[in-house]
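1. Sequence plus predicted model, see below.
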Amino acid sequence: MLLSEIVGKNVYSGKALRGVCRGVCLSLKSRAVKYLLCSRETPQSNDYTEFSVGVGCIGSVEDAVVLKRMRTAVPKNCVRFFTGRPVYSEEGAYLGIASDLVMENFTATKLVTDTGKTY
């Protein structure tokens, strides 16, 4: 699964629209996706509200993200990941702009940049 397959999708709890997926939180140690980062409005809106839900709450991901239960969480011991941000190597060399993230069972396996390279 690619992160781009989730980002931008509506997030539902039951039949109620709760928001839109904007990114994920990754564990720094295991690279596991721990949380979905969602918002109720667009970042440019005055009513912008951000919330996180654990991946254990996800029931399905198809045309939308459907949650088994709506249980918001405060992300702990992880880093927020969004596409469209610059990527640097550990040595500080610029690698490009993050364009996607390859995930297997909600664990990040590869980072894809706008240059088409994977890391």
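-> Yes, it's here.
2. For residue 82, grab the count of nearby residues.
-> Using other C-beta atoms under 10 Å, residue 82 is surrounded by 13 other residues. Using the backbone N, CA and C atoms, a C-beta is placed for each residue, glycine as well.
3. Roughly how far does it sit from residue 50?
-> Using C-beta to C-beta, to the nearest Å, one gets 12 Å for the distance from residue 82 to residue 50.
4. Overlap of the contact sets of the two?
-> Common contact partners of residue 82 and residue 50 (C-beta atoms under 8 Å, 6 or more residues apart in numbering): 22, 37.
5. Need the per-residue pLDDT for residue 47.
-> On pLDDT, residue 47 comes in at 68.
6. same thing with residue 118?
-> In this prediction, residue 118 has a pLDDT value of 94.
7. Can you spell out which residues form a bridge with it?
-> Beta-bridge partners of residue 118, counted by DSSP bridges, are residue 112.
8. name the element residue 79 belongs to?
-> Taking DSSP states H and E as the criterion, residue 79 maps to strand 78-81.
9. Name the residues that touch the helix or strand following that strand?
-> Counting by DSSP H and E, the next helix or strand C-terminal to strand 78-81 is strand 86-88. If you take C-beta under 8 Å, 6+ apart as the criterion, strand 86-88 is touched by 94-98, 111, 113, 119.
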